[in-house]
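Novice: kindly generate the corresponding structure for this input.
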Amino acid sequence: MLQFMRKHAKFFYVFFFLIIISFIFFYVGPIDKSTSIPLAMIGKDRITMEEYSKTYERVRENHRDQLKEKFNDEMEKKLGLKERVLDMMIDEKILLIAAKDLGIKVSDEELGQIIRSEPAFQRDGVFNKDIYFRVLKSNRMSTEIYESSRKAEFIVVKMKSLIAESVDLTDSELKQIKGGVQEIITARQLKREKAIKSYIEGLKNMIGVKVNTELLS
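Specialist: The predicted structure is shown next:
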C-alpha cells in the first residue's frame, strides 16, 4: 500500500487543492442545507451528500483524466478515494472554522489580485473582465458565489502557511539528515505537513466531528 501511494504521490500533493476548486467551476446551484442529508457534522457545520458527491465526482474525473484506462475500480479502492475526499473536505471545514476564530481573512484587494492572475480570465496574459463574466455565466455561477469560494480557498492556504511557518527543523534534526540541501528541504516539508495534520486532528477533537459512514457505501 505504501509503495502504491508513493508511486502515485503526485495525485495526493494536489488533492487538497482539487477539493476546494471543485466547488468553483463545477458548482450547479445553491443547496438547501435544511433538507439535505448530512454526511458529516463538524461542530455546527455540515457536509451534505450533495456537496460530497459533486466534489467526489470531480476528483474521480481528474484521476481518470490523468491515468486513463489504468484508473479502475480496484485502483480507486486502493487509493481509498471515497474516504480521502471526505477527509479532505472535513480538514477544509476545520481550517475555515479555525481561521474565523483567529480573524484570518482575505481582503477584497487580495481577492482582486487572485482573480486577475487567473489564466482562465486572461487574454494575451492580461485580465479581461468580459471573459471573467462569460466564464462564470457559462458555469452557471454568480460572482458572489465564485468570489466567496476563492476567498475560502485562500483562507485555507493562509492557515496552512501560518501553521507551517511556525515549525522548523531543530539543530539536532538537521545533524541527523544525510544529504544536501534537497534532503533538508524534503525533511522540513514533511515536518510541516505533519504539524498541519496534527493541528487539524487536535481541532477535530475540540470541535467534534461526526460522520455517517454508512452513506459512503
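
Novice: where does pLDDT dip in this structure?
Specialist: Along the chain, segments meeting pLDDT under 70 span 1-36.

Novice: ok, longest helix in it?
Specialist: The longest helix of the chain (DSSP state H) is helix 181-207.

Novice: mind giving me the packing neighbours of that one?
Specialist: helix 81-102, helix 143-165, helix 171-176 (3 or more CB pairs under 8 Å, 6 or more residues apart in numbering; DSSP states H and E). For glycine as for every other residue, the C-beta is placed from the backbone atoms N, C-alpha and C.

Novice: what separation do you get for residue 177 and residue 168?
Specialist: Going from residue 177 to residue 168 by CB to CB, to the nearest Å gives 13 Å.

Novice: same question for residue 70.
Specialist: For residue 70, the distance to residue 168 (CB to CB) stands at 38 Å.

Novice: likewise residue 49?
Specialist: When residue 49 is compared with residue 168 (using CB to CB), they lie 41 Å apart.

Novice: for these two, indicate the residue with more neighbours.
Specialist: When residue 49 and residue 168 are compared on other CB atoms under 10 Å, the one with more neighbours turns out to be residue 49, at 17 against 12.

Novice: about what we covered before: after the longest helix of the chain, which helix or strand is next?
Specialist: Where DSSP states H and E defines the elements, the next helix or strand beyond helix 181-207 is strand 209-211.

Novice: neighbouring strands - and their directions - for that following strand?
Specialist: With DSSP bridges as the criterion, the sheet partners recorded for strand 209-211 are strand 38-42 (antiparallel).

Novice: tell me the strands beside whichever helix or strand comes after the partner strand, with direction?
Specialist: For strand 38-42, the succeeding helix or strand toward the C-terminus, using DSSP H and E, is strand 45-48. Take DSSP bridges as the rule and strand 45-48 pairs in its sheet with strand 38-42 (antiparallel).

Novice: can you count the residues close to residue 199?
Specialist: Neighbours of residue 199 (other CB under 10 Å): 20.

Novice: which ones are touching it?
Specialist: Residue 199 makes contacts with 98, 163, as judged by CB atoms under 8 Å, 6 or more residues apart in numbering.

Novice: would you say residue 106 is within a strand?
Specialist: No - according to DSSP: H, G, I helix; E, B strand; the rest coil, the state of residue 106 is coil, so it is not within a strand.

Novice: does it touch residue 154 like I think?
Specialist: Yes - counting by CB atoms under 8 Å, residue 154 is a contact partner of residue 106 at 4.9 Å.

Novice: need the residues touching each of the two.
Specialist: By CB under 8 Å, 6+ apart, residue 106 and residue 154 have these common neighbours: residue 114.

Novice: ok, back up a step: quick check: angle from the longest helix of the chain to strand 38-42?
Specialist: Interaxial angle, helix 181-207 versus strand 38-42 (axes from the mean of the first three to the mean of the last three CA atoms, to 10 degrees): 100 degrees.

Novice: okay, angle between helix 181-207 and helix 143-165 too, please.
Specialist: Angle of helix 181-207 versus helix 143-165, following the same axes, to 10 degrees, is 110 degrees.
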